[in-house]
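Colleague: How does the following fold in three dimensions:
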Amino acid sequence: EKKNMSKTIFVTVGTTRFDSLMEHVTTMEALNWMKKNGYTHLILQHGKGPRPVVSSKACPVKLDCFDFANSLDMYMDKADLIVSHAGAGTVMEALRKHNKRLVVVINTSLMHNHQMELANAMGKRGHLFVIERPTDLQSMELWNDFDSFIPIPFPSNSTEEEKEFPKILNRHMGIPSSSKTTAGTTTATSNKSS
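Modeller: Down below sits the predicted model:
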């Protein structure tokens, strides 16, 4: 019951810059939606982008910002809802370790957007909620939709389904399938920064 009294949203962009995501999660409309729906704390990891500017007097929730951390584990653990860019490393960390409600926002400013295919593949499996463009966050109805989203837990043991992720990643990166497990691991690691 304590959980409902104080809920946290963690927004992360990983090692990238995704200013439009930061802008849309810090509008007064979004912040008031958070307060109205029981969220009391917003944690923003803004990466290479500028620190979001929010008037502390007008902000209805506790707001914490930082650029980078050695690990996002602590923040993901605290969160009741994670809003993230579609980077493979961040998505897998949230799904595998933390099994939280994950909302993935596609960074439409990226030229070769492998993130969209990856996010949509995981969304179709019910593991996460996909938002096609950051401007969609202007709709408070959409916030209601993802706030009530119940994800299908991502398998935490090394089953065949868990091995699907590197296969999905390779397929969307145009890398042919191989029987070597290192191909998927190498690809997933090298894609972390995108």
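Colleague: can we go C-alpha only for contacts and neighbour counts from here?
Modeller: Fine.
Colleague: What separation do you get for the spatially most central residue of the chain and T15?
Modeller: Closest residue to the average C-alpha location of the chain: S84 at 2.0 Å, with Cα atoms, centre = their mean. Distance of S84 to T15, computed by Cα to Cα, to the nearest Å: 12 Å.
Colleague: and the closest residue to V105 other than its chain neighbours, what does it touch?
Modeller: Once flanking residues are discounted, V105 sits nearest to I131: 4.7 Å by Cα to Cα, 6 or more residues apart in numbering. Neighbouring residues of I131 by Cα atoms under 8 Å, 6 or more residues apart in numbering: V103, V104, V105, I106, L137.
Colleague: try L63
Modeller: Contact analysis of L63 by Cα under 8 Å, 6+ apart lists H41, L42, I43, L44.
Colleague: what's the closest non-adjacent residue to it?
Modeller: Of all residues not flanking L63 in the chain, L42 sits nearest, at 5.0 Å (Cα to Cα, 6+ apart).
Colleague: Run through this protein and note the low-pLDDT ranges.
Modeller: Scanning the chain with the threshold set as pLDDT under 70 gives 1-4, 156-165, 169, 172-173, 177-194.
Colleague: again, 50 this time
Modeller: Counting by pLDDT under 50, the chain shows low-confidence ranges at 1-3, 179-194.
Colleague: Now do the strands in it.
Modeller: Secondary structure of the chain (DSSP state E): strands at 7-12, 39-45, 62-66, 81-84, 101-105, 129-131.
Colleague: Could I have the CA atoms of the fifth one written out in PDB?
Modeller: So that's strand 101-105. Presented in PDB, the C-alpha positions along strand 101-105 are these (Å, rounded to 0.1, in the frame of the first residue of the first chain):
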ATOM      1  CA  ARG A 101       6.600  -1.200 -16.800                       C
ATOM      2  CA  LEU A 102       8.700   0.200 -19.600                       C
ATOM      3  CA  VAL A 103       7.600   2.900 -22.100                       C
ATOM      4  CA  VAL A 104      10.000   3.200 -25.000                       C
ATOM      5  CA  VAL A 105       9.900   6.500 -27.000                       C
END
